[in-house]
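# coordinates only, no sequence provided:
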């Protein structure tokens with residue numbers, strides 16, 4: 001995976017990047033999840049990725065449990081990979097805002113009605129809230145000794 005491991009990090013983002021942070025990995029998952037690509041040759045053709053890198057990435061995804069490979073050689077996203085749908089949509093929306101000067105190259109639409117879908121940050125009590133109103137606090141999985149060793153930071 002990445003050059004530096006994040007195993008010692010108590011951070012779900014770091015641990016996730018250990019699995020999906022390599023170049024091409026999210027694009028492979030995007031094609032598998034949203035476009036239904038399953039064949040090695042189709043991934044290679046559609047992405048323009050070199051065969052040696054594709055082979056390595058697919059093997060890593062299978063090993064990590066995000067893809068399976070059947071006897072026919074098809075690669076299929078697992079439930080774990082399907083759980084990345086919201087993250088991929090969020091990353092796309094961010095990219096559309098900052099890196100798509102000619103407009104969105106694709107739209108994510110509700111399958112039932114065809115209307116656009118968007119992600120939002122929701123408070124369990126108040127509903128939709130602006131992302132900038134979200135603060136971070138230690139959760140139940142935060143070890144006390146890890147937290148005590150961290151440098152204090154200003155948090156509003």
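Sure, I can see it. Since the structure is predicted, the reported quantities are computational estimates derived from the model, not experimental observations.
# phi, psi of residue 111?
The phi/psi pair for residue 111 (degrees, to the nearest 10) reads phi -60, psi -30.
# what is the three-state secondary structure of residue 122?
Classification of residue 122 by DSSP: H, G, I helix; E, B strand; the rest coil places it in strand.
# that one contacts residue 128, doesn't it?
Yes: assessed by C-beta atoms under 8 Å, residue 122 is found in contact with residue 128 at 5.7 Å. The way it works is simple: take the backbone N, C-alpha and C, and place the C-beta from them, glycine included.
# mind listing what's buried in the helix or strand containing residue 93?
Assessed by DSSP states H and E, residue 93 sits inside helix 85-99. Buried residues in helix 85-99, defined by neighbour count with 16 or more other C-beta atoms under 10 Å: 85, 88, 92.
# which one of these is nearest residue 140?
Closest approach between the buried residues of helix 85-99 and residue 140, by C-beta to C-beta: residue 85, at 25.2 Å.
# chain neighbours aside, what residue packs nearest to that closest one?
Distances taken as C-beta to C-beta, 6 or more residues apart in numbering put residue 33 closest to residue 85, at 6.2 Å, once the chain neighbours are dropped.
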